[in-house]
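*Asks:* just a sequence and a predicted model for now, questions to come.
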Amino acid sequence: MQPKLGGGDGKDLRNLVPQYARTNSPYIRDGVENDIRVSLEAGHKVALHINPHYGNANSGIPTQIEYNYRDLSTGVAKHCVIHPTTAGGSTTGSASCPK
């Protein structure tokens, strides 16, 4: 799974993960993905691994979305886990994860 900001294809179903609107903003788009965007726009390379976890067999929406990323220029690495809910969600992981 590669976000569009990192060159991902917004039409390739293998690259799409369903999510609640209130989880996407602010937790994903305005949080973790913005953090990654800042590094990319600064011209830095970013190593990125995103893993959705599906803990509810009756839903196509992940119960967790795990982001592991490192800015290769600064060496800053983060492990952030988004916990989606219909009301928004929460973020856990590294102390420096965007909230």
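*Replies:* Structure received.
*Asks:* residue at max distance from the center of this protein?
*Replies:* The outermost residue of the chain, judged against the average C-alpha position, is Asn58 (22.5 Å), by Cα atoms, centre = their mean.
*Asks:* ok, that one to Ala95 distance?
*Replies:* 34 Å (Cβ to Cβ, to the nearest Å). The C-beta positions use only the backbone N, C-alpha and C, and glycine is treated the same way.
*Asks:* what lies in contact with stretch 23-31?
*Replies:* For stretch 23-31, contacts defined as Cβ atoms under 8 Å, 6 or more residues apart in numbering pick out 19, 65, 80, 82, 84-85, 88-91, 97-99.
*Asks:* between those residues, which is closest to Ala42?
*Replies:* Set against Ala42, the nearest of the contacts of stretch 23-31 by Cβ to Cβ is Pro98 (16.0 Å).
*Asks:* could you list which of the contacts of stretch 23-31 belong to strands?
*Replies:* 65, 80, 82, 84-85, 88-91 (DSSP state E).
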